[in-house]
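Q: Here's a sequence, model it:
(one chain, ligands or ions: 2)
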Amino acid sequence: MKVLITDPIADAGVQRLREAGHEVVTDYDVEGDALLDAVSDVNALVVRSGTEVSQEVFEAAPDLVIVGRAGIGVDNIDIDAATDHGVIVANAPEGNVRAAAEHTVAMAFAAARSIPQAHQRLKAGEWAKGDYLGTELNGKTLGIVGLGRVGQEVAKRLDSLGMNLVAYDPYIGEERADRLGAELVEFEACLERADFLTVHTPLTPETAGLISTDELKLMGGGYVVNCARGGVIDEAALAAAVEDGTLDGAAIDVFESEPVDPDNPLLRVEDVIVTPHLGASTEAAQENVATSIADQVMAAFADEPVINALNAPSVDQSAFPRIRPYIDIAETAGKIAAQLFDDRISEVEVSYEGEIAEEDLDLVTASGLKGVFAPLEWQVNAVNAPNIAEERGIDVVETKSRQSADFQSLVTVTVKNDDRSLGVCGTLFAGDDPRIVRIDGYRVDAIPHGQMLVARNYDRPGVIGFIGTVLGDNDVNIAGMFNARRAPGDDAALTVYNLDNPVPEAVRNELLADERITDVKYITLDNGDDE
Ligand SMILES: NC(=O)C1=CN([C@@H]2O[C@H](COP(=O)(O)OP(=O)(O)OC[C@H]3O[C@@H](n4cnc5c(N)ncnc54)[C@H](O)[C@@H]3O)[C@@H](O)[C@H]2O)C=CC1
Ligand SMILES: O=C(O)C(=O)COP(=O)(O)O
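A: Ligands and ions are numbered 1, 2, ... in the order given. Okay, here's the model as predicted:
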């Protein structure tokens, strides 16, 4: 597989991919049309914050399986476009949290004691001791906007340095905040009470411009630290607030546009200190995120769960071996159901009976949908199948029952519309032997691989012999066959053939021409080019 890395990541991650035999190409300057060219044959793209992964990138990358973000923020990746194209987006949400928290603390101290300004003057030969009278963090109130992973680590560190903590985060429980010694307050109260304000939210439509002139006025002095994302705090408003004395200072690591424009107002205000997005830039953090992303890229290549996938059903890794066989069974059942149904589908129900019902089965359900849509869509997979269902107005229902009459575990994919429904059931026999055991209410025993012919016929003597002869005459070898009626005495029968060879259309027509045979469906299960 080919991996393109467009922002610098630690060698440990690159080596891990190379040692696994993948082709790894690094190009840190590529952008625009050159990026579109560069992704045309890649299977994975690894980025940090420096690459804009837009819809055009996904359109230009037909073989892309995963975009790995070696870090946390994914505001530079169009996740909706990724999902539409069936591409997994994964990040590394743990590896640089401490680095970001430490940088935040460092920036708060640096701003409070004017360290960069004093440093610069001393290096220029000026002993400006009398010009700097700093502020202690001890005893002051820290306002934290966004009490997630980084926010919490900042809270722990600055709590132990004697600060009082207030926090605003509408998505976090009071108990969690309590444990950190932080008082959860409303947004305005957080601003009003903060002597130091630090933001740790992602950049989203909701947080863009969250803090601007009016919000900064509520602080009435003090310092603002932003080591989260440029754009959460309005840059012009912040520069003006420090310049006109509304605030005492600010410390900024991240910018709305990076690399930052030399004309950015934040760069010209003396009491705004800046770093070029260095929050995650420690050796330990970079090694952590690079190896995490390399592992996830390889998991995606191997069709294994990608632990930090942001747009794919998540799976507990310890449960994966138990559900793995059912991923394929559900897909196959979905494929067979959709092709036999041959009609408009308005609902897909994926139901689980027996032991399997105890597991978290989002991925299996998505796989069942993938099977249903496989004959209809290009590049459909478990990532985009739920979206495709929604876009097409197809309801998806997942049901579970611990009881199973005949099998230890049974997965059924049923396709429906207002008039009728058709279900296909699969199970796993001892020794990891997958079987399709029911089709449209008929008990069968079919191997879910290769080529399959499903015939519906009137239950008359000689029909099976006739089908066998026609297939044989046309050099189609029957590997297995199962004939079923729903109940003894029924006139309608269904016959499933596992075949070693494809069945040409002319042969199918020959079978259909016999008045005892009412339907013939040929299904290929392995390579996706079903008819
Ligand atoms: N400067 C740097 O190099 C680094 C920057 N970051 C950035 O730090 C930020 C936080 O990262 P994590 O803590 O890992 O994310 P997280 O997802 O663990 O935490 C984010 C928190 O923000 C909260 N939140 C979301 N919308 C909010 C709103 N409107 N108001 C208040 N709170 C809101 C969420 O509930 C969550 O608790 C991200 O933007 C990330 O990109 C992370 C690492 C390094
Ligand atoms: O992980 C994050 O969200 C960061 O902001 C770090 O960004 P970077 O990997 O240094 O471009």
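Q: for the stretch 51-200 of the chain, what spans make up the helices?
A: 55-59, 79-84, 97-112, 115-123, 149-159, 174-179, 187-193 (DSSP state H, counting those that start in this stretch).
Q: nearest to ligand 2, of the ones you listed?
A: helix 97-112 (6.9 Å; C-beta to the nearest ligand atom). From N, CA and C alone the C-beta is placed, and that goes for glycine too.
Q: Residues touching the closest one, excluding its own?
A: Residues external to helix 97-112 that are found in contact with it (C-beta atoms under 8 Å, 6 or more residues apart in numbering): 72, 115-116, 134-137, 149-150, 153-154, 157-158, 161, 196, 198, 200, 223, 225, 227, 249-253, 271, 273, 275, 278-282, 284-285.
Q: could you give the mean pLDDT of that helix?
A: In this model, helix 97-112 has a mean pLDDT of 98.
Q: ok, now stretch 281-291?
A: Mean predicted confidence for stretch 281-291 is 98.
Q: which bits of the stretch 151-300 of the chain sit near ligand 1?
A: When proximity is defined by C-beta under 6 Å from any ligand atom, the stretch 151-300 of the chain lies next to ligand 1 at 151, 168-172, 200-203, 206-207, 227-229, 253-254, 277, 279-280.
Q: Make a PyMOL selection of the buried ones in those.
A: Those of these that count as buried under 16 or more other C-beta atoms under 10 Å are selected in PyMOL with:
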select buried, resi 151+168+169+172+200+201+203+207+227+228+229+253+254+277+279+280
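Q: returning to what we had before: could you dump the helices of the stretch 51-200 of the chain into JSON lines with distance to residue 11 added?
A: Output for the helices of the stretch 51-200 of the chain, formatted as JSON lines (distance: least, C-beta to C-beta, whole Å):
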{"stretch": "helix 55-59", "distance to residue 11": "25"}
{"stretch": "helix 79-84", "distance to residue 11": "27"}
{"stretch": "helix 97-112", "distance to residue 11": "17"}
{"stretch": "helix 115-123", "distance to residue 11": "31"}
{"stretch": "helix 149-159", "distance to residue 11": "25"}
{"stretch": "helix 174-179", "distance to residue 11": "37"}
{"stretch": "helix 187-193", "distance to residue 11": "41"}
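Q: quick one: contacts of the strand or helix carrying residue 390?
A: Assessed by DSSP states H and E, residue 390 sits inside helix 385-391. Helix 385-391 is touched from outside by 83-84, 313, 348, 366-367, 369-370, 372-373, 377, 380, 395-396, with contacts defined as C-beta under 8 Å, 6+ apart.
Q: so who does the one residue in the stretch 101-250 of the chain that gets nearest to ligand 2 touch?
A: Nearest residue of the stretch 101-250 of the chain to ligand 2 (C-beta to the nearest ligand atom) works out as residue 229 at 7.2 Å. Neighbouring residues of residue 229 by C-beta under 8 Å, 6+ apart: 73, 75, 201, 202, 203, 207, 254.
Q: picking that back up, out of the contacts of helix 385-391, who's nearest residue 217?
A: Proximity of the contacts of helix 385-391 to residue 217 (C-beta to C-beta) peaks at residue 83, which lies at 40.1 Å.
Q: picking that back up, ok, the contacts of residue 229 vs residue 407, which is closest?
A: residue 202 (44.5 Å).
Q: and the closest residue to that closest one other than its chain neighbours, what does it touch?
A: The shortest distance from residue 202 to any non-neighbouring residue, by C-beta to C-beta, 6 or more residues apart in numbering, is to residue 73 (6.1 Å). Contacts for residue 73 were tallied using C-beta under 8 Å, 6+ apart; they are 49, 91, 202, 203, 228, 229.
Q: So which bits of the chain are right by ligand 1?
A: Counting by C-beta under 6 Å from any ligand atom, the chain sits next to ligand 1 at 72-73, 93, 96-97, 100, 145-151, 168-172, 200-203, 206-207, 227-229, 253-254, 277, 279-280.
Q: let's go with 5 Å and repeat that
A: Residues of the chain lying near ligand 1 by C-beta under 5 Å from any ligand atom: 72-73, 96, 100, 146, 148-150, 169, 171, 200-202, 206-207, 227-229, 253, 279-280.
Q: hang on, the earlier thing: restrict the contacts of residue 229 to those near ligand 2?
A: residue 73.
Q: separation between the residue nearest to residue 202 and residue 501?
A: 53 Å (C-beta to C-beta, to the nearest Å).
Q: so how far is stretch 313-320 off the chain centroid?
A: 13 Å (C-alpha atoms, centre = their mean, to the nearest Å).
Q: Equivalent analysis for stretch 309-329, please.
A: 13 Å.
Q: For that stretch, the averaged confidence score.
A: Rounded mean pLDDT across stretch 309-329 is 89.
Q: hang on, residue 296 packs against residue 90?
A: Yes - using C-beta atoms under 8 Å, residue 296 makes contact with residue 90 at a distance of 4.6 Å.
Q: Pull up the overlap in contacts between the two.
A: By C-beta under 8 Å, 6+ apart, the residues touching both residue 296 and residue 90 are 66, 68, 306, 307, 308, 309.
Q: Who wins on neighbours among those residues?
A: Of all those, the highest neighbour tally under other C-beta atoms under 10 Å goes to residue 68, namely 30 neighbours.
Q: ok, that residue to ligand 1 distance?
A: 15 Å (C-beta to the nearest ligand atom, to the nearest Å).
Q: So out of everything in the stretch 101-250 of the chain, what residue is nearest ligand 1?
A: Counting by C-beta to the nearest ligand atom, the stretch 101-250 of the chain gets nearest ligand 1 through residue 148, at 1.7 Å.
Q: number of nearby residues for that residue?
A: 18.
Q: With residue 433 instead?
A: Neighbour number of residue 433 under other C-beta under 10 Å is 10.
Q: One more: residue 236?
A: Neighbours around residue 236, by other C-beta under 10 Å: 13.
Q: Would you mind giving the secondary structure of it?
A: Residue 236 falls in the helix class when you classify it by DSSP: H, G, I helix; E, B strand; the rest coil.
Q: So the closest residue to it other than its chain neighbours versus residue 258, what's the distance?
A: Nearest in space to residue 236, with sequence neighbours left out and distances taken as C-beta to C-beta, 6+ apart, is residue 265 at 5.4 Å. Residue 265 sits 15 Å away from residue 258 when distances are taken as C-beta to C-beta.
Q: Among these two, which residue is more densely surrounded?
A: residue 265 (16 against 13).
Q: Local confidence estimate at that one?
A: pLDDT, residue 265: 98.
Q: Could you pick out the residues of this structure near ligand 2 for me?
A: Counting by C-beta under 5 Å from any ligand atom, the chain sits next to ligand 2 at 48, 49, 71, 72, 73, 280.
Q: Let me see the backbone angles for the residue nearest to residue 202.
A: phi -70, psi 130 (degrees, to the nearest 10).
Q: Report the buried residues of the helix or strand of the chain at the bottom of the mean pLDDT ranking.
A: One helix or strand of the chain scores below all others by mean pLDDT, DSSP states H and E: helix 385-391, with a mean of 88. For helix 385-391, burial by neighbour count (16+ other C-beta under 10 Å) applies to 385, 386, 387, 388, 389.
Q: does the residue in the stretch 151-300 of the chain that ligand 2 sits nearest to sit in a helix, a strand or a coil?
A: Closest approach of the stretch 151-300 of the chain to ligand 2 (C-beta to the nearest ligand atom) occurs at residue 280, with a separation of 3.6 Å. On the three-state scheme (three-state DSSP), residue 280 is labelled coil.
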